[in-house]
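K.L.:
compute the structure for the input listed below.
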Amino acid sequence: MARYIDIEGAGIGKANREQFLVPEFADGWNAVLKILEKEPTADVVEVVHGYWIEDIKEIVPLNGIVPIKALVGYRCSVCNRAEFNKEPYCNCGAKMDGKGDT
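P.N.:
Residues are numbered from 1 along each chain as shown. Below is the predicted model of the structure:
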């Protein structure tokens, strides 16, 4: 599987030759950066994490005597969409691994 990194976010930049006892180290580092800059970029989307919330409703039986609470499905913590089953991903694209970003 491919790995994607944020070079700017990691603070990776050109090396200054004067900062090294052996200036050629900076030259090698800068050569690698030049290669990386020529590589095509990938169209990557950050993963949104969510979790399923039990959707419990109060249901009045036909005899109308005692209302009961029943699990009628699940709601996405990200988009609030209702589903009958817990799926690994919501329709909104959230990865439902219980690590909720929201």
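K.L.:
could you list the domains of the protein?
P.N.:
Residue ranges of the domains in the chain are recorded as 1-44, 49-96, according to automatic domain parsing.
K.L.:
tell me the gap between the last one and the middle of its chain.
P.N.:
So the one you mean is domain 49-96. 22 Å (Cα atoms, centre = their mean, to the nearest Å).
K.L.:
low-confidence ranges, this structure, go.
P.N.:
Across the chain, the ranges flagged by pLDDT under 70 are 1, 64, 100-102.
K.L.:
please enumerate the strands of the chain.
P.N.:
49-50, 52-59, 68-76, 82-83, 95-96 (DSSP state E).
K.L.:
just checking: what are the partner strands of the fourth one?
P.N.:
Partner strands for strand 82-83, per DSSP bridges, with pairing direction: strand 68-76 (antiparallel).
K.L.:
okay, buried residues for the strand it pairs with please.
P.N.:
Tyr74, Arg75, Cys76 (16 or more other Cβ atoms under 10 Å). (Each C-beta comes from the backbone N, C-alpha and C, glycine too.)
K.L.:
any idea how far Trp29 is from the second one?
P.N.:
With distances defined as Cβ to Cβ, to the nearest Å, the gap from Arg75 to Trp29 amounts to 50 Å.
K.L.:
ok, Tyr4 next?
P.N.:
Taking Cβ to Cβ as the measure, Tyr4 falls 21 Å from Trp29.
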